[in-house]
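S.K.: Show me the folded form of this:
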Amino acid sequence: ADFAFRFYKQAVSKEADKNVFFSPMSISTAFALLAVGAKSTTLSQIFEGLGFDSLTETRIRDIHGSFHKVLAVLNCTDVNVTLNIGNALFVAVGYKIQETFLQNAKQFYDVDYFSNDFNKPEEAKKHINKYVEEKTEGKIPALIDHLDPNTILVLLNYIYFKATWEKSFDPLRTREDDFFVNTNTSVRINMMQRQDKYDSYYDQDLSCEVVELPYQGTARALFILPDDGKMKQVEDALSKETICKWEKNLDTRRLDLQLPKISISGSYDIKKLFMEMGITDVFSNNADLSGISGRRDLRVSQAIHKALLEVDESGTEAAGATAVMVNRFLPSFPTIKFNRPFLILISDKTTSATLFMGKIVDPT
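M.R.: Numbers count the residues shown, from 1 in each chain. From the prediction side, this is the model:
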């Protein structure tokens, strides 16, 4: 989970007043898979960047083992939730990959394996993009923009999530409303509304309202609404400890909840962000990916991530992916109205894995 918040802070530092949406689960799994073939400093930088330390040989096997377990649990089909997460390797035709790398990639990450002719980059790109598009139910149709003909290997992770709210919003109560992007800009949005009992908590120290919206099944979304002008303060405090504190203090109360319908996406240059986070060797000529090729002749040339979030009355759909809710005013109970920038965390309760994380500055 720490990785999720560190990556979030890095992404936000680039563009403070923009929507942010990404899947920590997807990014960390892709790099953990890459780590199967990494050695020396390259390996330790990747794992330290993902939040793991004291890297003995046993510990490294345990990390891969825990990714394997989490992926297995997440992929277990719950009737109410669609959650598909998987990995693939696209390898240049005729390129000899180390057998142990392939075995471990299969054993721990259950990879799909394809061989591709990267000398025909357009065709190779089409093949990979089509695979991702199918796996994300059409939500991420063009993950890769360009491929270098010198590509040897593309490692890939996809995640697709679709879940229904435990308590859905009545579309007849959804109204047009203002959403205040900042102090002098507002946009018209569709605000959903429901009066019901919700688990929520007002954090006095951080000046924010926290509301948990469970999905049918084992997933839930946490919506965090900072008071006016307090977004930065809340963002700076984001950590596993803060989330634990919020969860401990959640209390059931009747609310008039107003949450906007959301449709946003995010696109990230992971290479750039990771280098700023101290994961540098794997992208340079110092890279040691000899576990893949048997020689120290490979490095990562590009790393990208795209994610998409759609939230409506019935639930949430996210790919590579994240979610938000909104409501109309009735005087009888406290109203929590998400009509200014807020944060969203979508996680799986059984594994505590953060599937998606984001900030909604403009739900449209």
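S.K.: Wasn't residue 13 part of a helix?
M.R.: Yes. Residue state for residue 13 (DSSP: H, G, I helix; E, B strand; the rest coil) corresponds to a helix.
S.K.: and it, how many neighbours does it have?
M.R.: Neighbourhood size, residue 13 [other C-beta atoms under 10 Å]: 11. (Each C-beta comes from the backbone N, C-alpha and C, glycine too.)
S.K.: Show me what counts as buried in stretch 270-286.
M.R.: 270-271, 273-275, 277, 279-283 (16 or more other C-beta atoms under 10 Å).
S.K.: of the residues you listed, closest to residue 215?
M.R.: Of all the buried residues of stretch 270-286, residue 270 has the smallest distance to residue 215: 27.6 Å, by C-beta to C-beta.
S.K.: Surely that closest one touches residue 305?
M.R.: Yes. At 5.3 Å, residue 270 counts as touching residue 305 under the criterion of C-beta atoms under 8 Å.
S.K.: any shared contact partners between these two?
M.R.: Common neighbours of residue 270 and residue 305, using C-beta atoms under 8 Å, 6 or more residues apart in numbering, are residue 27.
S.K.: List the strands paired with the lowest-mean-pLDDT helix or strand in the chain, with their directions.
M.R.: Each helix and strand of the chain was given a mean pLDDT (mean pLDDT, DSSP states H and E); the minimum falls on strand 335-337 at a mean of 78. Strand 335-337 has its sheet partners listed here by DSSP bridges as strand 251-260 (parallel).
S.K.: Next, the buried residues of the longest strand belonging to the chain.
M.R.: Determined from DSSP state E, the single longest strand within the chain is strand 185-203. For strand 185-203, the neighbour count (16+ other C-beta under 10 Å) marks 189-195, 198-203 as buried.
S.K.: Quick check: longest helix in this protein by residues?
M.R.: helix 57-75 (DSSP state H).
S.K.: in the next helix or strand after it, what's buried?
M.R.: The C-terminal neighbour of helix 57-75 among helices and strands, as given by DSSP states H and E, is strand 81-92. For strand 81-92, the neighbour count (16+ other C-beta under 10 Å) marks 81, 83-92 as buried.
S.K.: likewise stretch 47-56?
M.R.: For stretch 47-56, a neighbour-count test (16+ other C-beta under 10 Å) marks 47, 49-52 as buried.
S.K.: now do stretch 301-314
M.R.: For stretch 301-314, burial by neighbour count (16+ other C-beta under 10 Å) applies to 302-303, 305-313.
S.K.: Same question for stretch 156-169.
M.R.: Residues of stretch 156-169 classed as buried: 156-163, 165, 169 (neighbour count, 16+ other C-beta under 10 Å).
S.K.: In the buried residues of stretch 270-286, which has the lowest confidence score?
M.R.: The member of these with the lowest pLDDT is residue 283, at 86.
S.K.: Report the separation between the closest residue to residue 162 other than its chain neighbours and residue 117.
M.R.: Distances taken as C-beta to C-beta, 6 or more residues apart in numbering place residue 82 nearest to residue 162, at 4.3 Å, with adjacent residues excluded. For residue 82, the distance to residue 117 (C-beta to C-beta, to the nearest Å) stands at 33 Å.
S.K.: check contacts around residue 228.
M.R.: Residue 228 is in contact with residue 340, counting by C-beta under 8 Å, 6+ apart.
S.K.: cutoff 10 Å now
M.R.: Listed by C-beta atoms under 10 Å, 6 or more residues apart in numbering, the contact partners of residue 228 are 180, 183, 207, 340-341.
S.K.: try residue 101
M.R.: By C-beta under 10 Å, 6+ apart, residue 101 lies in contact with 33, 36-38, 89, 153, 289-294.
S.K.: Now do the same contact list for residue 160.
M.R.: By C-beta under 10 Å, 6+ apart, the residues touching residue 160 are 23, 26, 82-86, 132, 134-140, 308, 317-321.
S.K.: Would you quantify the distance from residue 271 to residue 304?
M.R.: Counting by C-beta to C-beta - residue 271 and residue 304 are separated by 8 Å.
S.K.: excluding its backbone neighbours, what's nearest residue 342?
M.R.: Of all residues not flanking residue 342 in the chain, residue 225 sits nearest, at 4.5 Å (C-beta to C-beta, 6+ apart).
S.K.: should've said residue 227
M.R.: Residue 227's closest residue in space is residue 207 (C-beta to C-beta, 6+ apart), at 4.2 Å.
S.K.: burial count for that neighbour?
M.R.: Neighbour tally, residue 207, other C-beta under 10 Å: 15.
S.K.: Please tell me I have it right and it contacts residue 226.
M.R.: Yes. Between residue 207 and residue 226 there is a contact at 6.5 Å, judged by C-beta atoms under 10 Å.
S.K.: Which residues are in contact with each of the two?
M.R.: Each of 233-234 lies in contact with both residue 207 and residue 226 under the rule C-beta under 10 Å, 6+ apart.
S.K.: show me the contacts for residue 178.
M.R.: Each residue near residue 178 by C-beta under 10 Å, 6+ apart is listed here: 186-189, 191, 339-340.
S.K.: Need the pLDDT of it.
M.R.: At residue 178, the predicted lDDT confidence score is 94.
S.K.: where are the low-confidence patches of the protein?
M.R.: 1, 77, 319-334 (pLDDT under 70).
S.K.: show me where it has helices.
M.R.: Remark: helices assigned in the chain by DSSP H are 2-14, 24-35, 40-49, 57-75, 99-109, 121-135, 231-237, 240-249, 270-276, 290-293.
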